[in-house]
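Visitor: My questions concern the predicted model and sequence given below.
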Amino acid sequence: MSPPLKKTRERLTPNSEKPTFDILPSDIISEICEFLSIKQRIRLSRTNRRIKSVEKATGGRNLSLTRVNWTSDLQHISAAALNYDCVYASVLPENGPLISEEECLELVEFFRNARTLWLQITCDDCSRTVSMLSAILKTIHYQKLKVQFTGVEDSSINLLSALTMNRNLSTSNIDLTWTRGYRADFARIQQILTHLPQMNRLDIDFDINESSEMMSLSNSPLNDATLLHIVQHTTEAVLSVGNYTGQGILNALTPTNDWLSFYIAQSTVEQLRKLAENDPERLEYSEDHSEEFTIYDNETGKHIEGWLQTEAEVPFPDSALWLLEITSVPGLEE
């Protein structure tokens, strides 16, 4: 035992001659733990079993980065303190035994009401995986969340609910990716997207290829309804390709969103051009060449720019895709 740790233990260990830290009620010790750094809490928990138990049950640890890699073959969670020292790591070997309920409960205790700047999750989507992660991360607070779904089942709706519902995310950034070949339940994903709470920024990406079931624009969970909800509840949003209409895009020109980017089909560009022709006082349409256009909305002070994407940039067989960016025009948004 190192000399500093030995002195700490001697100073805090109960004795009959001098009152010590250990005589304090558990609720007081718990409150003290909330003000200590991770390293201080670890040192304190080593003094005796009672204090260790109280510290563990207190929760509320301050972390910089929490990484989760959770599949049927590998279950790994690591957590780093604000100084980026690793304070927790749980690794199970490939093809080894699945994590037990007891081990899951230990993780629930460790991450109870924890605060982390970054929460990064890569997981498959079997119901057992999602159920465990939902329990472990249910009360964790985060500044930035990145989730990558890699499985072939669609239980992602349950994990997203646990990570986003009944939370204050007004200053949080969330990045969601569904990988290639993902068998998504589009209706359920639409449901969660139209109930997301207020947040700072949202990124959504569907990694599509020729083998994906998401090869038709009509299949995308992103549509006019999800677009409207997202822009009303974010300051910035970067979205994947969706089944948007020209009128749906105009309806989504809200003052609450400062920057919006997403992909649209050629048919939607034609709809926007037609809407501008029918209402020239509101919409000023200009086209520098066949691969770029601009629309100024005099009613909302929004600036819409569109760029035709090459096949290499966005491989999609249905039609040509355009990248759309919507920003506020300085001096007009007021």
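Guide: Yep, it's here. Residues are numbered from 1 along each chain as shown.
Visitor: Can you pull out the low-pLDDT segments for the stretch 1-150 of the chain?
Guide: 1-22, 59, 84, 91-98, 125-126 (pLDDT under 70).
Visitor: Where do the strands of this structure begin and end?
Guide: Taking DSSP state E as the test, the strands found in the chain are 62-70, 75-81, 86-92, 115-123, 141-149, 169-178, 199-206, 236-241, 259-265, 283-289, 292-297, 302-308, 321-328.
Visitor: Take the ones you listed and lay them out in a markdown table including distance to Asn251.
Guide: Placement of C-beta: from N, CA and C, glycine included. Formatted as a markdown table, the strands of the chain follow (distance: least, C-beta to C-beta, whole Å):
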| stretch | distance to Asn251 |
| --- | --- |
| strand 62-70 | 37 |
| strand 75-81 | 42 |
| strand 86-92 | 46 |
| strand 115-123 | 33 |
| strand 141-149 | 28 |
| strand 169-178 | 23 |
| strand 199-206 | 18 |
| strand 236-241 | 15 |
| strand 259-265 | 13 |
| strand 283-289 | 13 |
| strand 292-297 | 12 |
| strand 302-308 | 12 |
| strand 321-328 | 12 |
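Visitor: between those, which one is nearest to Glu106?
Guide: Minimum separation from Glu106 across the strands of the chain (C-beta to C-beta) falls at strand 86-92, 8.5 Å.
Visitor: For the closest one, which strands pair with it and how are they oriented?
Guide: strand 75-81 (antiparallel) (DSSP bridges).
Visitor: what does the partner strand rub up against?
Guide: Around strand 75-81, the neighbours that count as contacts under C-beta atoms under 8 Å, 6 or more residues apart in numbering are 37-39, 61-70, 86-92, 98-99, 107, 110-111, 114, 116, 136.
Visitor: what do you get if the cut-off is 6 Å, keeping everything else the same?
Guide: 38, 63-69, 86-92, 99 (C-beta atoms under 6 Å, 6 or more residues apart in numbering).
Visitor: swap in stretch 37-57?
Guide: Arg9, Leu12, Ser26, Ile29, Ser30, Cys33, Arg61, Ala81, Val87, Glu109.
Visitor: picking up where we left off before, how about CSV for the strands of the chain, with distance to Ile192 and mean neighbour count added?
Guide: Putting the strands of the chain into CSV (distance: least, C-beta to C-beta, whole Å; neighbours: other C-beta atoms under 10 Å) gives the following:
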stretch, distance to Ile192, mean neighbour count
strand 62-70, 19, 19
strand 75-81, 24, 20
strand 86-92, 28, 14
strand 115-123, 15, 19
strand 141-149, 12, 19
strand 169-178, 10, 19
strand 199-206, 11, 19
strand 236-241, 14, 20
strand 259-265, 18, 20
strand 283-289, 33, 12
strand 292-297, 30, 18
strand 302-308, 27, 19
strand 321-328, 23, 19
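Visitor: mind checking which of these is nearest Ser220?
Guide: With C-beta to C-beta as the criterion, Ser220 lies closest to strand 236-241 of these, at 6.1 Å.
Visitor: could you say what helices and strands that closest one packs with?
Guide: The contact analysis (3 or more C-beta pairs under 6 Å, 6 or more residues apart in numbering; DSSP states H and E) places strand 236-241 against strand 199-206, strand 259-265.
Visitor: Could you spell out the sheet neighbours of it, each with its direction?
Guide: By DSSP bridges, strand 236-241 pairs with strand 199-206 (parallel), strand 259-265 (parallel).
Visitor: Pull the distance from the first one to the chain's centre.
Guide: Distance, stretch centre to chain centre, for strand 199-206: 8 Å (C-alpha atoms, centre = their mean, to the nearest Å).
Visitor: Contacts for that strand next, please.
Guide: Identification of contacts with strand 199-206 by C-beta under 6 Å, 6+ apart yields 169, 171-178, 214, 234-240.
Visitor: returning to what we had before: now the strands paired with strand 236-241 as CSV including distance to His76 and mean pLDDT?
Guide: Converted to CSV, these look like this (distance: least, C-beta to C-beta, whole Å; pLDDT from 0 to 100):
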stretch, distance to His76, mean pLDDT
strand 199-206, 23, 93
strand 259-265, 33, 93
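Visitor: got a markdown table for those strands, with distance to Ile189 too?
Guide: Listed next are the strands paired with strand 236-241 as a markdown table, based on distance: least, C-beta to C-beta, whole Å:
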| stretch | distance to Ile189 |
| --- | --- |
| strand 199-206 | 9 |
| strand 259-265 | 16 |
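Visitor: mind checking which of the helices and strands packed on strand 236-241 is nearest Glu305?
Guide: For those, distance to Glu305 was read as C-beta to C-beta. The smallest value, 9.7 Å, belongs to strand 259-265.
Visitor: Residues touching that closest one, excluding its own?
Guide: Contacts for strand 259-265 (C-beta under 6 Å, 6+ apart): 217, 231, 236-239, 241, 244, 319, 321-327.
Visitor: Out of these, which comes closest to Gln148?
Guide: Nearest to Gln148 out of the contacts of strand 259-265 is Val238 (C-beta to C-beta; 15.6 Å).
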